[in-house]
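Participant: Give me a 3D structure for the following:
(4 chains)
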2 protein chains.
Amino acid sequence: MDKFFSNIHSDRRGVPEHSDSTSELECKECGLDPVCAVLDYAEESSGIPEGILLRRLPVRRGETLFCQGDRFHSIYAVKSGSFKTLMLHPGRVNQVIGFHFPGELIGVEALSLNSYSCSARALQQSSVCELSIARLPESGKPAAVLYASIIKLLGREVTFNHQLIASLVHQSAEQRLCGFLLSLSKRLTQRGFSGREFTLTMSRTDIGSYLGLASETVSRVLTRLNRSGAIRLRRKRILVLDRIALQEMVSGKD
Amino acid sequence: MDKFFSNIHSDRRGVPEHSDSTSELECKECGLDPVCAVLDYAEESSGIPEGILLRRLPVRRGETLFCQGDRFHSIYAVKSGSFKTLMLHPGRVNQVIGFHFPGELIGVEALSLNSYSCSARALQQSSVCELSIARLPESGKPAAVLYASIIKLLGREVTFNHQLIASLVHQSAEQRLCGFLLSLSKRLTQRGFSGREFTLTMSRTDIGSYLGLASETVSRVLTRLNRSGAIRLRRKRILVLDRIALQEMVSGKD
DNA sequence: CGCATAATTGACGGTTTTCAAGCACTGTGG
DNA sequence: CCACAGTGCTTGAAAACCGTCAATTATGCG
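Facilitator: Got it, this is the predicted structure:
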C-alpha cells in the first residue's frame, strides 16, 4: 500500500545522476564552486593563501568535522549526505543550529574568528570538500583590507545571529528578557556608554516582536524583575542593579 | 526617592565625551572605521569602487533609512541614537529583527543581494554615516573573486538566519514544522534533488532542538500532518502531497 | 533473537497568549 | 496653564498551547 516509499527513484526521470542526498553532487552545483574555480587557476602572485583544497573526503555517520572551540582552519562543502551543526551550552542541553545538505557550506561563521563557534557532525555516511584557510590574507592593498573588514563584519553578524537563535528558541520569557537586557548592556559598554544605566529606546511591542513575546508579557516580566530588585525600572529608563541575578536567570539557575 | 533617574550623568566620571546614545560616537569606536580608513586613503588604482562616504547625516525619529525590497545601495553606521530593523510579512504582523546602537552597522545583510531584506527605522533622533556601495567590484583578479564569493556566501548565511529568526520566534509548533519541511524541500530542489520526496536524516530530537520544540511535539505534529493528508510519512521517509496546505499553515491561514 | 535507542501516544500541569479594562504619559490646542 | 485625546504601558482573568513525565511500540544493530 505504501508504494510511495518502495522506490525512491521512481519519479526521477530527466534529473541528473544524483537522486538522493547519498549520491554525490556535481561540482557546478556546489556552493564552494566559485571558490574552487579560483583556486584551480590561482597564480602565486594572486595574493591567495597557500590554501589546500581537499576533494571529496568521506565522513562516517556520527563523525565530527570540527568541534566548537577548535582553532579555525577550514570551511567545508557538503558533497553527499548531510550534517548538523550544534552549539554546546555549559550546563545545558546542546542546541542544533542548522542542517547542511549537498552543495551547502559548513564553517563559514568562523571565517572572521579564531575558532569555530559550533560543532559539525555527520548525520549519515557523507563526503565533503575541505578548503583550508587558516586565515584570509591581509595584504597592504586597500582593496584587500576593505574586503577583509567586510568579511569580518559579516562573520560577526552570523555569529551573533547563531547565538540569538540558540538563546531565543528554547528559553522562557524571563530568560529571553534577561538575556536581552544583558546583551544591550554589553553592547553599550563596548562602545563606551554606561551598561549599568540606559534607556530602552524601543517600545515594549518592539521588544516583544524581537523576542517572540506578547507586549503584555514583556511588561509583566519587567515589573517582576523590578520588584525582585534585579533592576530598577521607570518608564523607558532602566538601571541594572544585580547583574549576577540576571545572568543566573539566563542560565536557568533559580 | 528615585535619585537613580534624576541625573543620567551622575556616575560617568572618567568616561569619554559621550555618555548616552544621543551623543555622537568617536570614529575610532565605530564599526565602519576600518572601512572608512581605507576609503580615506584609497587610490584610484586600488580597485575600490567610487564609493561615496557621507558623514554624520541626521535622521529624525520614525524616519526610514531604507525599505525592505529597495535596491541595495549603501550600508550605514550608527553615530548616535538607535534604530530597529524589521521584516514585513505579507498578511502578518511585522517582525523586529534587530536593534542597532552607535558604532553598529545596518544593512550588511544586503551586501550580497540586490535589495534590502528588511527595513530600518530610527527609534529616536539619530545620525548615521552612509557608505554607498552599489556593489563590490569584481575585478578579474583571483583574490578579488575569492573575496567576493566569500562575501556572497556570508551574506546569504545572514539573510537565511534573519528569516529563520523571524519565522521561529513567533510561530506555533505546526507553523515551525511546516516551514521547516518547506525549507528542506526548497533547498533540496535547488541542488537538483527531489523536493517532493526525501529523507529526514536527522532525529526527531534534532528537529525539536533546531525548532525549539520537544521531540514529542515534533512527533505529534508530524502524525497530525500525515493524518490530514498534507504529507505522507513513514519513519524518516517523507512525501509532500499538498504543498499548498503546508504553505497556508505557515502563513497562519486555517 | 534480544537489547538499546528512537518514535509514538496519552494525561497532566505550567507558562504564555489573548481579550479586556484601567492607568500613565505626551503633545496639542485652547 | 490646563484639558483633552491618543498612544503606550500595566494589570487581571480565562483559555490554549506546549513541555514534562510515563508507558508502549517500533526499529536498528550486534
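
Participant: So chain A: which segments form each domain?
Facilitator: Here the domain parsing of chain A from automatic domain parsing is A:3-161, A:171-251.

Participant: Next, the distance between the ends of the last one.
Facilitator: Translated: domain A:171-251. 9 Å (Cα to Cα, to the nearest Å).

Participant: want to throw the domains of chain A into TSV with mean pLDDT and distance to B:I106?
Facilitator: In this view, the C-beta of every residue, glycine as well, is placed from N, C-alpha and C. Listed next are those as TSV, based on pLDDT from 0 to 100; distance: least, Cβ to Cβ, whole Å:
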stretch	mean pLDDT	distance to B:I106
domain A:3-161	75	11
domain A:171-251	93	14
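
Participant: To B:A230, which of these lies closest?
Facilitator: When the domains of chain A are compared by Cβ to Cβ, domain A:3-161 sits nearest B:A230, at 13.8 Å.

Participant: out of the domains of chain A, nearest to DNA strand D?
Facilitator: domain A:171-251 (3.2 Å; Cβ to the nearest atom of the strand).

Participant: does DNA strand C sit close to the closest one?
Facilitator: Yes. Judged by Cβ under 7 Å from any atom of the strand, domain A:171-251 and DNA strand C are in contact via A:S172, A:A173, A:E174, A:G212, A:L213, A:A214, A:E216, A:T217, A:R220, A:R235.

Participant: number of nearby residues for A:G229?
Facilitator: 10 (other Cβ atoms under 10 Å in any protein chain shown).

Participant: got it, and the one 4 residues further on?
Facilitator: Applying the criterion other Cβ under 10 Å, we find 16 residues in the vicinity of A:L233.

Participant: Report the secondary structure state of the closest residue to it other than its chain neighbours.
Facilitator: Once flanking residues are discounted, A:L233 sits nearest to A:N226: 4.4 Å by Cβ to Cβ, 6 or more residues apart in numbering or on different chains. Counting by DSSP: H, G, I helix; E, B strand; the rest coil, the backbone at A:N226 sits in helix.

Participant: hang on, A:N226 packs against A:I238?
Facilitator: No. Taking contacts as Cβ atoms under 8 Å, A:N226 lies outside contact range of A:I238: 9.1 Å.

Participant: which residues in the stretch 51-200 of chain A form strands?
Facilitator: Along the stretch 51-200 of chain A, the segments classed as strands by DSSP state E, counting those that start in this stretch run A:52-59, A:64-66, A:74-80, A:83-87, A:95-100, A:105-106, A:119-122, A:126-132, A:197-199.

Participant: List the strands paired with the third one, with their directions.
Facilitator: Paired with strand A:74-80 in the same sheet, following DSSP bridges, are strand A:105-106 (antiparallel), strand A:126-132 (antiparallel).

Participant: now do the second one
Facilitator: On the basis of DSSP bridges, the sheet neighbours of strand A:64-66 come out as strand A:119-122 (antiparallel).

Participant: Check the last one too.
Facilitator: As defined by DSSP bridges, the strand partners of strand A:197-199 come to strand A:237-240 (antiparallel).

Participant: Next secondary structure element downstream of the partner strand?
Facilitator: Later in the chain than strand A:237-240, the nearest helix or strand by DSSP states H and E is helix A:243-251.

Participant: Which strands or helices does that next one pack on?
Facilitator: helix A:173-190 (3 or more Cβ pairs under 8 Å, 6 or more residues apart in numbering or on different chains; DSSP states H and E).

Participant: quick one: the helix it packs on near DNA strand D?
Facilitator: No. Against DNA strand D, helix A:173-190 shows no contacts by Cβ under 7 Å from any atom of the strand, the least distance being 11.2 Å.

Participant: quick one: buried residues of that helix?
Facilitator: A:173-185, A:187-188 (16 or more other Cβ atoms under 10 Å in any protein chain shown).

Participant: Name the nearest of those relative to A:I151.
Facilitator: Taking Cβ to Cβ as the measure, A:I151 lies nearest A:R187 of the buried residues of helix A:173-190, at 21.1 Å.

Participant: Skipping adjacent residues, who's closest to the closest one in space?
Facilitator: Using Cβ to Cβ, 6+ apart, the nearest residue to A:R187 is B:F101, at 5.8 Å.

Participant: the inter-axis angle of the longest helix that chain A contains versus helix B:142-169?
Facilitator: The longest helix of chain A (DSSP state H) is helix A:142-170. Orientation check (axes from the mean of the first three to the mean of the last three Cα atoms, to 10 degrees): helix A:142-170 against helix B:142-169 gives 20 degrees.

Participant: Helix A:142-170 vs DNA strand D: in contact?
Facilitator: No. Residues of helix A:142-170 contacting DNA strand D under Cβ under 7 Å from any atom of the strand: none, with a closest distance of 7.8 Å.

Participant: follow-up on the earlier one: go through the strands paired with strand A:74-80 and pick out the most buried.
Facilitator: strand A:105-106 (a mean of 24; mean count of other Cβ atoms under 10 Å in any protein chain shown).
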